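Student: Sequence and predicted structure below; questions after.
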Amino acid sequence: MPRMAAIQMVSGPDVAENLATAAELLARAADQGARLAVLPENFALMGRREEEKVAARETEGDGLIQSFLAEQAARHRLWLIGGTIPLRTAGDARRVRAACLLFDDRGQRVARYDKVHLFDVQVVGSRERYAESATIEPGDRYVFAETPLGRLGLAVCYDLRFPEQFRALMERGMEILALPAAFTAATGLAHWETLLRARAIENQCYVIASAQGGRHANGRETHGDSLIIDPWGAILDRLPHGPGVVLAEFDRERLENVRRQFPVLEHRVHCET
């Protein structure tokens, strides 16, 4: 059976250093049989200031980070999901799109998802405040793609809290959900595993959750705990902290058995409110 990989990192402000780490981890995943790999959100850059992502932005289809993803996918014959990278907007020079790019095993880009839900919050019980909308322009559509493993839905980090996004992807036939993330330590401890398992259970799909996991140069601590979860909500593999690779098999028979024996997706009822 084909294997899936979630790559966990502790990215910093040096793009070249982050790409070298990602290359090492992708090679490890490929050597262990991965056919599909997911890098975490902001894998190429976790700057000391949010404005650094604007300075590092690339034009769609051109740039160091995009070339790296294409080369890695082709080298390892991997379908590769490039976490998020900063891409230029149509007109706002102060902001970027947080773009999640999917490359096929020949290194061709086949899908782009721009993060829709932006993390503008005061974290409950802490002094942490985030305002992603100051430097990120939100996307406006959900994205679905066909892969040799299965039908893939793309989402990023804070999207996880909005179940309507995943129900929409499921209605397109989603069998695998890829979710790159950089959850805070506080919110991750409270909600990360619970929300991921809920998305797997309610949509009866595999979930590949690839996280940042450690303390970064800007002082921020991310939760980590990259996970691969099956359609019954069982955790197949995980990595609590630090850089590494999480691996599990995509078992189509398992997915089809869960959906056939427990046909919750067929039991949905749409009512007027």
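Tutor: Good, I have the coordinates. Numbers count the residues shown, from 1 in each chain.

Student: what residue ranges in this structure score low on pLDDT?
Tutor: Within the chain, the segments meeting pLDDT under 70 span 125.

Student: quick one, longest helix in it?
Tutor: If you go by DSSP state H, the chain has its longest helix at helix 15-31.

Student: can you list contacts of that one?
Tutor: With contact meaning Cβ atoms under 8 Å, 6 or more residues apart in numbering, helix 15-31 is reached by 5, 7-9, 11-12, 37, 39, 43-46, 56, 64-65, 68, 72, 76-78, 80, 243-245, 247. (C-beta placed from N, C-alpha, C; glycine too.)

Student: could you redo the last one with a cut-off of 6 Å?
Tutor: Here helix 15-31 makes contact (Cβ atoms under 6 Å, 6 or more residues apart in numbering) with 5, 7, 11, 37, 39, 43-45, 68, 72, 76, 78, 245.

Student: Pull out the buried residues from it.
Tutor: Neighbour counts over helix 15-31 (16 or more other Cβ atoms under 10 Å) mark 15, 18-19, 21-22, 25-26, 28-30 as buried.

Student: Now flag whichever of these is closest to Y206.
Tutor: A29 (16.0 Å; Cβ to Cβ).

Student: Based on its surroundings, how many neighbours for the spatially closest residue to that closest one that is not a sequence neighbour?
Tutor: Residue nearest to A29 in three dimensions, not counting chain neighbours: A5, with 3.8 Å by Cβ to Cβ, 6 or more residues apart in numbering. Other residues near A5 come to 28 when the count uses other Cβ atoms under 10 Å.

Student: Just want the angle from the helix or strand harbouring A5 to helix 15-31.
Tutor: Assessed by DSSP states H and E, A5 sits inside strand 3-8. Strand 3-8 and helix 15-31 meet at an angle of 150 degrees, taking axes from the mean of the first three to the mean of the last three Cα atoms, to 10 degrees as the criterion.

Student: Okay, now the sheet partners of strand 3-8, with direction.
Tutor: Sheet pairing for strand 3-8, assigned by DSSP bridges, gives strand 34-38 (parallel), strand 244-249 (antiparallel).

Student: can you put those strands in CSV and add mean neighbour count and distance to G153?
Tutor: Shown next, in CSV, are the strands paired with strand 3-8 (neighbours: other Cβ atoms under 10 Å; distance: least, Cβ to Cβ, whole Å):
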stretch, mean neighbour count, distance to G153
strand 34-38, 27, 12
strand 244-249, 20, 17
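
Student: could you dump these to JSON lines with distance to V121?
Tutor: Formatted as JSON lines, the strands paired with strand 3-8 follow (distance: least, Cβ to Cβ, whole Å):
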{"stretch": "strand 34-38", "distance to V121": "24"}
{"stretch": "strand 244-249", "distance to V121": "27"}
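
Student: I'd like to know which of these lies nearest to E164.
Tutor: Using Cβ to Cβ, the nearest of these to E164 is strand 34-38, at 22.2 Å.

Student: Please spell out which residues along whatever helix or strand comes next after that closest one are buried.
Tutor: Under the assignment DSSP H and E, the closest C-terminal helix or strand after strand 34-38 is helix 52-55. Within helix 52-55, the residues that qualify as buried are 52-54, counting by 16+ other Cβ under 10 Å.
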